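*Asks:* Next one to model:
(chains A and B)
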Amino acid sequence: AQTVTQSQPEMSVQEAETVTLSCTYDTSESDYYLFWYKQPPSRQMILVIRQEAYKQQNATENRFSVNFQKAAKSFSLKISDSQLGDAAMYFCAYRSEQGGSEKLVFGKGTKLTVNP
Amino acid sequence: NAGVMQNPRHLVRRRGQEARLRCSPMKGHSHVYWYRQLPEEGLKFMVYLQKENIIDESGMPKERFSAEFPKEGPSILRIQQVVRGDSAAYFCASSPSGTGTQYFGPGTRLLVL
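*Replies:* Predicted coordinates for the structure are as follows:
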């Protein structure tokens, strides 16, 4: 079974600075998707960014980018020019492309604090 | 385009009662997923449904929990004879066929007294 590990329970960053959140995963599959979701205090789950494993190019969405290292099974999220509104729980998630199940497997999350 | 809708947003039940959680997927989405989030935890998959079919229920407890996604109407997650350990946030997500991206509703917070 696939597992997702987020080794940083909490992180903090100064406003306007850059922060990187770590995520590693374990799988024997070659085709899959990886995601970062954000959960602010409202508890809504918001998609931040998605990466297809077959793509070598790292995904980017405005101030958010990933460093996808397939061989190392690593998928870190970089937030540039951090803003107060970035404060939230961040969850890394894995989705298999095999077996007919589209379920997401989540890590336990990293709580990001942004200091003014 | 309205997002994924869930209701109620908050639900309080006493032990032994039934809880019914509803989820309306985004327009054009035919795949629905239910996840549970315990306090201070990540989300755990429960069940994956398409219209009138349960595709994967490997995360559902064997007893008291059931889910459906009828041809017409919302998907329903039903918890019978609730216990305090069922207190959690229950999230529904939907996706169109084949894109791989799931969009989440706001969740239902269930509190069992």
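*Asks:* Could you use CA atoms for every contact and neighbour count after this?
*Replies:* Fine.
*Asks:* Output the helix or strand of chain B with the lowest mean pLDDT in PDB, but only the C-alpha positions, please.
*Replies:* Lowest by mean pLDDT, DSSP states H and E among the helices and strands of chain B is strand B:53-56, with a mean of 91. Extracted C-alpha coordinates of strand B:53-56, given in PDB (Å, rounded to 0.1, in the frame of the first residue of the first chain):
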ATOM      1  CA  ASN B  53     -22.300   2.000  -8.100                       C
ATOM      2  CA  ILE B  54     -19.800   1.600  -5.300                       C
ATOM      3  CA  ILE B  55     -16.400   1.300  -6.800                       C
ATOM      4  CA  ASP B  56     -14.100   1.000  -3.800                       C
END
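*Asks:* For whatever residue of chain A ends up closest to chain B, which non-adjacent residue is closest in space?
*Replies:* Residue nearest to chain B within chain A (CA to the nearest CA): residue A:108, separated by 4.4 Å. Distances taken as CA to CA, 6 or more residues apart in numbering or on different chains place residue B:42 nearest to residue A:108, at 4.4 Å, with adjacent residues excluded.
*Asks:* before we move on, the earlier item: is any part of whatever helix or strand comes next after the least confident helix or strand of chain B close to chain A?
*Replies:* Following strand B:53-56 in sequence order, the next helix or strand is strand B:65-68 (DSSP states H and E). No - counting by CA under 8 Å from any CA of the partner chain, chain A has no neighbours in strand B:65-68; the shortest distance is 15.4 Å.
*Asks:* for strand B:65-68, packing partners?
*Replies:* Packing partners of strand B:65-68 (3 or more CA pairs under 8 Å, 6 or more residues apart in numbering or on different chains; DSSP states H and E): strand B:75-79.
*Asks:* tell me which residues in the strand it packs on are buried?
*Replies:* B:75, B:76, B:77, B:78, B:79 (16 or more other CA atoms under 10 Å in any protein chain shown).
*Asks:* so where's chain A uncertain?
*Replies:* A:99-100 (pLDDT under 70).
*Asks:* Next to chain B, which bits of it? Give me the list.
*Replies:* So far as CA under 8 Å from any CA goes, chain A lies against chain B at A:33, A:43-47, A:50, A:91, A:95, A:100-109.
*Asks:* In space, not sequence, find me the middle residue of chain A.
*Replies:* Taking CA atoms, centre = their mean, the centroid of chain A lies closest to residue A:36, which sits 3.2 Å from it.
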